[in-house]
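Colleague: need the 3D shape of this:
(chains A and B)
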2 protein chains.
Amino acid sequence: MSTEITLFTEGNVTSPKGYLAGAAYAGIKTYAQNKMDVGILLSESQCVSAGIYTTNKFVSPSVELTRKNINKGNVKGIFVSSGIANAGVGAQGMIDAQESLTHAAAHISVNPDELAIGTTGVIGVELPMALIRAGIPNIEITPNGGDAFARAIMTTDRIPKSAAIQLEINGSTITIGGCTKGSGMIHPNMATMLAFLTTDATLDQAFLSKELKNACDDTFNMVTIDGDTSTNDMVLILANGAANAKPIKNGTPEADLFSKALKELCDYLSYQLVKDAEGSSKVFSVSIEEAKSVEDARLAARSIASSSLVKSAIHGNDPNWGRVVAAAGYSGADLDVDKVSFFINDVTIMEAGTPIPFHRESVIAIMSRERVNLTLKLGLGNGTATAWGCELTEEYVRFNSAYTT
Amino acid sequence: MSTEITLFTEGNVTSPKGYLAGAAYAGIKTYAQNKMDVGILLSESQCVSAGIYTTNKFVSPSVELTRKNINKGNVKGIFVSSGIANAGVGAQGMIDAQESLTHAAAHISVNPDELAIGTTGVIGVELPMALIRAGIPNIEITPNGGDAFARAIMTTDRIPKSAAIQLEINGSTITIGGCTKGSGMIHPNMATMLAFLTTDATLDQAFLSKELKNACDDTFNMVTIDGDTSTNDMVLILANGAANAKPIKNGTPEADLFSKALKELCDYLSYQLVKDAEGSSKVFSVSIEEAKSVEDARLAARSIASSSLVKSAIHGNDPNWGRVVAAAGYSGADLDVDKVSFFINDVTIMEAGTPIPFHRESVIAIMSRERVNLTLKLGLGNGTATAWGCELTEEYVRFNSAYTT
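Modeller: Have a look, this model is predicted:
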């Protein structure tokens, strides 16, 4: 068995075999004239599918309808629209979500319950159904439509974000493709974030659900931009078996390899999300080591990555480690200050609870790079986790002060 | 029994009878040349005392030592220093906290365990004991020293924050005084916030502890500036009985009146804290009504008040109610979107889950005022709570990008 995994940064959701996609401009995104704002992704054959959804109690009918259809087990495609979230509009939201799927399904000759629906954009405004009805027939789905589909989910994203990964299993090539959109209010537990994944591997539903959750816990759910979680977020995966490879069974070396590849793809897409966050040009990672448990490590990593004070310090190249340790301290994770060590990139800043004198100018120079790594060793066990954050900038405030006005 | 309660905005910790206070400049706060940075507050007679402390697991030895002395029951005074937090300095922190109290106690002829200690400022730098040793003898404590004491706890605060409140009980006048400092990283559960309260009422310790907790839950713990909680926060109260009024017993109308007055004073001081937050000139309140429980109401109120997106919207006078409802949705509080109503000041924005068309220019005009009220009715019960927040500004980011550099 070869263990080669290759990431293709030019890949997308139509990189795996047997997928068609396309998009059109319906006129919903007035702030992005002539950009795509409706799109369809479709597997040519039946799929198994799995989804992970926002934990916000204020949830879009699009998420509810997708969950229902995914649970039925028939989903083989996804309809998306961007510009308006279809959230907070009362009973009309579910009516519009259903009508959107009815039109999209008719256009590609499938049943409405064979489609999931992803919407993203402004909350509290009804979907412009006249535009959507008129726009859907202009969507042409092709085997090369993955990039157009990725553009159709963008809102304030500066660039479309897609990739694919290939792995060899017993002489067969398996491909996993994906696209994502973020910006605005990305945060752990699916905050205003959409990600759609496709694969031509042959898998059963239980395995796919488990692997999607595992991959998301370590990647999309560790991404934080501003601490708000949203009404519309979801990560979906479709698997159509079109590679005609041997089925991947849980607990086998092939399963481990698939798991690793899926996580690597999600990790890459998550990193693209953070890099493209509103107003940010600098990304930082927070690695927690030696936590009492993996859960503790995740709590501490996310707490640090979402602290406004830490994010401001990253922006200012300010080695203010007190803020980092304080954010771990209020995270809920077990902490014994006398055992904590802290590093900025590879420079030791604190060892066993005591600050180590460091050459301030060197650390400022390290922090001035595009990517900064903060590592906290808690000295309590072997739980590890990594979260991603981005700097808090003046531009973020300006941007988010004037989103709807 | 008269039920009159009168707030004196010019009052302070020496407004109640039997308290002395004073401060001096020891040279710790280099960014505030010639401002006070060491101070002492002392009751002339024995006290009962109570404290509430940070929940951060990364805690200053000053907090540990104060908790120990308060628990002993002998505390009748407080030593404070500002500029350096005495946190994150290893074993030296406790040694320095103890030495500070030894010098302060000797200066005013009390035992070191009769004092609490409050420190605030930069984390990770040892207290400059030479300056503190030399500075303490310059502190002169007088019955008019409350204002100087309030200045000695300021860090990035723009103004000192003190007040007093008087109530008549059975013909006797009872006074409660207080001062507070915040800025930096104020947040629920005692984030980088000090508050010291004094009263000349006659109370027992159990009643005082209960009332302090009740008052803080509704006031200081509902204040949020940037979501970070700190290593040094505490609220302390001393009661010396110097008014020679009848003892206040739990469960009596007098107790209710004292409770109301204490809460009103803490509410006023909390509001001063938020108003003086770094980089902010605009304060907003978040009132949750009809929550399933008070705990749910507090969760939702704090979640909204600390959302970076909501705070940015407040800054931009942007009636983006979607962000407000979304922040309630991820707060953990029970929520049924179809029952939620939302108001900006008195304008209905959403009713029973459906947005109501509003005159955007009018709402923007309302939001342009110095104080904005957001009210969310959840329609699930009768839990209520109010949290305070301040806008997120470009100035906040600039300020916190360069705090130590």
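
Colleague: shaky segments in the stretch 1-150 of chain A?
Modeller: Residue ranges of the stretch 1-150 of chain A with pLDDT under 70: A:1-3, A:31-34.

Colleague: what ranges do the strands span in it?
Modeller: For the stretch 1-150 of chain A, the strands defined by DSSP state E, counting those that start in this stretch occupy A:5-8, A:19-24, A:38-43, A:48-53, A:77-84, A:115-122.

Colleague: ok, now the stretch 301-405 of chain A?
Modeller: Using DSSP E, counting those that start in this stretch, the strands of the stretch 301-405 of chain A run over A:341-344, A:347-351, A:354-355, A:371-377, A:383-390.

Colleague: possible to save those as TSV with mean neighbour count and distance to B:Lys292?
Modeller: C-beta here means a position set from N, CA and C on the backbone, and glycine is covered the same way. Shown next, in TSV, are the strands of the stretch 301-405 of chain A (neighbours: other CB atoms under 10 Å in any protein chain shown; distance: least, CB to CB, whole Å):
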stretch	mean neighbour count	distance to B:Lys292
strand A:341-344	21	41
strand A:347-351	18	42
strand A:354-355	18	45
strand A:371-377	20	37
strand A:383-390	24	31
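
Colleague: lowest average pLDDT across the ones you listed?
Modeller: Ranked by mean pLDDT, these end with strand A:354-355 at the bottom, a mean of 85.

Colleague: quick one: strands adjacent to it?
Modeller: strand A:347-351 (antiparallel) (DSSP bridges).

Colleague: now the strands of the stretch 301-405 of chain A as CSV including distance to B:Val223?
Modeller: Converted to CSV, those look like this (distance: least, CB to CB, whole Å):
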stretch, distance to B:Val223
strand A:341-344, 29
strand A:347-351, 29
strand A:354-355, 29
strand A:371-377, 28
strand A:383-390, 25
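
Colleague: which of those sits closest to B:Glu391?
Modeller: For the strands of the stretch 301-405 of chain A, the distance to B:Glu391 is smallest for strand A:383-390, at 20.9 Å, taking CB to CB.

Colleague: show me what the closest one packs onto, helices and strands only.
Modeller: Judged by 3 or more CB pairs under 8 Å, 6 or more residues apart in numbering or on different chains; DSSP states H and E, strand A:383-390 is in contact with helix A:253-275, strand A:283-291, helix A:294-305, helix A:308-315.

Colleague: in the longest one, which residues are buried?
Modeller: The neighbour-count check on helix A:253-275 (16 or more other CB atoms under 10 Å in any protein chain shown) flags A:254-255, A:257-259, A:261-275 as buried.

Colleague: could you pull up the mean pLDDT of that helix?
Modeller: Average pLDDT, helix A:253-275: 93.

Colleague: okay, angle between that helix and strand A:283-291 too, please.
Modeller: 130 degrees (axes from the mean of the first three to the mean of the last three CA atoms, to 10 degrees).

Colleague: what angle separates helix A:253-275 from strand A:371-377?
Modeller: 120 degrees.

Colleague: check whether helix A:253-275 contacts chain B.
Modeller: No: figure legend: helix A:253-275 not in contact with chain B (CB under 8 Å from any CB of the partner chain); closest approach 15.4 Å.

Colleague: in the stretch 151-300 of chain A, where is pLDDT below threshold?
Modeller: For the stretch 151-300 of chain A, the ranges with pLDDT under 70 are A:183-191, A:224-229, A:278-280.

Colleague: one step back: of the strands of the stretch 1-150 of chain A, which is nearest B:Trp388?
Modeller: Nearest of those (CB to CB): strand A:115-122, 27.5 Å.

Colleague: strand partners (parallel or antiparallel) of that closest one?
Modeller: Strand pairing for strand A:115-122, using DSSP bridges, gives strand A:77-84 (parallel).

Colleague: in stretch A:284-292, what's buried?
Modeller: Here stretch A:284-292 shows A:284-292 as buried, counting by 16+ other CB under 10 Å.

Colleague: distance to A:Asn250 for the residues you listed - can I get that in TSV?
Modeller: Formatted as TSV, those follow (distance: CB to CB, whole Å):
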residue	distance to A:Asn250
A:Phe284	35
A:Ser285	30
A:Val286	31
A:Ser287	29
A:Ile288	29
A:Glu289	29
A:Glu290	30
A:Ala291	28
A:Lys292	29
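
Colleague: mind putting those in JSON lines, distance to chain B included?
Modeller: As requested, the buried residues of stretch A:284-292 are exported to JSON lines (distance: CB to the nearest CB, whole Å):
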{"residue": "A:Phe284", "distance to chain B": "14"}
{"residue": "A:Ser285", "distance to chain B": "19"}
{"residue": "A:Val286", "distance to chain B": "15"}
{"residue": "A:Ser287", "distance to chain B": "18"}
{"residue": "A:Ile288", "distance to chain B": "14"}
{"residue": "A:Glu289", "distance to chain B": "17"}
{"residue": "A:Glu290", "distance to chain B": "15"}
{"residue": "A:Ala291", "distance to chain B": "13"}
{"residue": "A:Lys292", "distance to chain B": "12"}
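
Colleague: looking at these, which one is closest to A:Asp346?
Modeller: Nearest to A:Asp346, judged by CB to CB, of the buried residues of stretch A:284-292 is A:Ser287 at 11.9 Å.

Colleague: isn't that closest one up against A:Leu378?
Modeller: No: A:Ser287 is not in contact with A:Leu378 according to CB atoms under 8 Å; the separation is 11.2 Å.

Colleague: quick check: A:Leu115 touching A:Lys68?
Modeller: No: A:Leu115 lies out of contact with A:Lys68 (CB under 8 Å); the separation is 11.4 Å.

Colleague: these two: which is more packed in?
Modeller: A:Leu115 (25 against 11; other CB atoms under 10 Å in any protein chain shown).

Colleague: what's the spacing between the more buried one and chain B?
Modeller: Distance of A:Leu115 to chain B, given as CB to the nearest CB, to the nearest Å: 24 Å.
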